[in-house]
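*Asks:* Any chance you could fold what I've pasted below:
(2 chains)
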Amino acid sequence: EAQVTQNPRYLITVTGKKLTVTCSQNMNHEYMSWYRQDPGLGLRQIYYSMNVEVTDKGDVPEGYKVSRKEKRNFPLILESPSPNQTSLYFCASSPGLAGMNEQFFGPGTRLTVL
Amino acid sequence: GQNIDQPTEMTATEGAIVQINCTYQTSGFNGLFWYQQHAGEAPTFLSYNVLDGLEEKGRFSSFLSRSKGYSYLLLKELQMKDSASYLCAVRGDRGSTLGRLYFGRGTQLTVWP
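*Replies:* Prediction:
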């Protein structure tokens, strides 16, 4: 089944404890992206990647890191999480940047930082 | 910057028709997407417009006017399961916006029996 998977789905952690949220897609998509979604603010892009070893900042990159060493994986790293990073996180992938190439979203990771 | 506006909330009754509007002011344009998102779930793709006009897909239709920076999503024969948030997103076409999706804050639709 074609899909985007994220792990973990739920995580409660404490301030300053490094964590990684994994994202993997099995559709051979070149484009991958991370978003956070907060009430009243909608989906905001954190980082994106056009291809392996190519990553760029989105609109809210502070406090996050990413890497794209393989086409299928795009992990999101929080080196020192803070309470303002409590949010619902979505990973997405797309086969291309034009035409009717919609982004496919993972199931989401609900993160709480105490 | 990129500015996408849509109403925060709408309500309608089962069997009715509802139109959700979206206006945008962006530095470039390479297509407009509508997504549906049920509470706590991932957004799922509904429709795509890149040329002016109406695209119809079953009970859902989407319209685009590029000159007016305006789109709407039309939902017909509403069902209870249509209660969800509807997200409008514009895709960038150049430089640092190329391929990126810029989302509105979503319109929460509640369908009453």
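
*Asks:* Please name the residues that touch the residue in chain A positioned nearest to chain B.
*Replies:* Of all residues in chain A, the one sitting closest to chain B is A:L97 (3.2 Å; CB to the nearest CB). No exception for glycine: its C-beta is placed from N, CA and C like everyone else's. For A:L97, the contact set (CB atoms under 8 Å, 6 or more residues apart in numbering or on different chains) comprises A:31, A:50, B:30, B:91, B:98-99.

*Asks:* how about a cut-off of 7 Å?
*Replies:* By CB atoms under 7 Å, 6 or more residues apart in numbering or on different chains, the contact list for A:L97 reads A:31, B:98-99.

*Asks:* and those residues as JSON lines, adding distance to A:G42, pLDDT and secondary structure?
*Replies:* Formatted as JSON lines, the contacts of A:L97 follow (distance: CB to CB, whole Å; pLDDT from 0 to 100; DSSP: H, G, I helix; E, B strand; the rest coil):
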{"residue": "A:Y31", "distance to A:G42": "20", "pLDDT": "94", "secondary structure": "strand"}
{"residue": "B:L98", "distance to A:G42": "21", "pLDDT": "84", "secondary structure": "strand"}
{"residue": "B:G99", "distance to A:G42": "19", "pLDDT": "82", "secondary structure": "coil"}
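
*Asks:* Same list, those residues, but as a markdown table with distance to B:K76 and neighbour count please.
*Replies:* Formatted as a markdown table, these follow (distance: CB to CB, whole Å; neighbours: other CB atoms under 10 Å in any protein chain shown):
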| residue | distance to B:K76 | neighbour count |
| --- | --- | --- |
| A:Y31 | 33 | 21 |
| B:L98 | 35 | 15 |
| B:G99 | 32 | 20 |
